[in-house]
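> I would like the atomic coordinates for the input below:
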Amino acid sequence: MTGYEPGTPCWVDLTTPDVEGAARFYGELFGWEVIEGGEDVGGYRMCHLRGKPVAGMMAQQQPGMPPSWTGYVSVTDADVATKAVTAAGGQVLVEPMDVMSAGRMAVFADPGGAVFGVWQPGEFAGAELVNEHGTLGWNELATRHLDAAKSFYQAIFGWQSADQQMGGEYTVWSVGERQVAGMMAMDESWPAEVPSYWIPYFVVDDADETVAAASRLGGKVTVAPVDIPVGRFAVLSDPAGAAFCVIKTNPMPA
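Numbers count the residues shown, from 1 in each chain. Purely as a prediction, here's the structure:
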């Protein structure tokens, strides 16, 4: 992985009150080696698979905030993206900041409250392994405001949307010919106090085995393994409560 086209999700990291517990959980679940970060990076930990970075994790700085995964989209200029977010009605949660020589980042909330980040690459482009066991394979937005989200993310990243049937109304976002993210509708069955949110999908070789392993390791199963048109997936949360999905994708047709 040498780089990411602008508008493509490139990284994901976990904010958690229990970094040591998270390192054990995901290390066992996905085979990650979690590298402890120094003071110069605020203790930020890199998660490696076969020696290559695939995700990050860090301790929560604000007590009481729920643990969560945050996805980052590659951009050519984080400051320009920040202005676009503000103009489109989003909220800036973390102003653009340099991460030493690795790159420049910012974190936002879209108008529905879903949190996401941008990454302007310097020496570090993002995850060096994707779409294989234990790595990021997809990012999905759950929201009640489908049309507003389509307009917002098109304004920020130039994403083009196409609606599909995926066991319900589903939107796929693309950059050029490349599908980069999805969106599902939150209907009335969702509690009103739950805001829109982004959730990562990690690719696995066997969804059922991964769910069983997550349960043994102290995770919770929110949605048991179920078949969908593109594979078999499940929704889990780690022992601290951060939500994520796992998916065994179907082979691509020859």
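> tell me the buried residues in stretch 149-164?
By 16 or more other CB atoms under 10 Å, the buried positions in stretch 149-164 come out as 149-150, 152-153, 156-157, 159, 161. Heads up, the C-betas are built off the backbone N, CA and C, glycines and all.
> and for stretch 135-145?
135-145.
> state the mean pLDDT of it.
Averaged across stretch 135-145, pLDDT comes to 97.
> which residues does that stretch contact?
9, 12, 30, 49, 54-55, 71, 110-112, 114, 127, 129-131, 149, 180-186, 190, 196-203, 245, 247, 249 (CB atoms under 8 Å, 6 or more residues apart in numbering).
> rewinding a little: show me the buried residues of stretch 149-164 that map onto strands.
Per DSSP state E, strands hold the following members of these: residue 161.
> list the neighbouring strands of the worst-scoring helix or strand of the chain on mean pLDDT plus their orientation.
Within the chain, confidence by mean pLDDT, DSSP states H and E is lowest for strand 160-165 among all helices and strands, at a mean of 89. Strands that pair with strand 160-165, judged by DSSP bridges, come out as strand 169-175 (antiparallel).
> CA atoms of whichever helix or strand comes after the partner strand as CSV?
Sequence order places strand 178-185 as the next helix or strand after strand 169-175, per DSSP states H and E. The C-alpha atoms that make up strand 178-185 are tabulated as CSV, following Å, rounded to 0.1, in the frame of the first residue of the first chain:
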residue,chain,number,x,y,z
ARG,A,178,-13.9,2.7,-6.4
GLN,A,179,-16.5,2.0,-3.7
VAL,A,180,-15.3,3.6,-0.5
ALA,A,181,-18.1,3.6,2.1
GLY,A,182,-21.7,2.8,2.7
MET,A,183,-24.7,4.3,4.5
MET,A,184,-27.7,2.6,6.1
ALA,A,185,-31.0,4.2,7.4
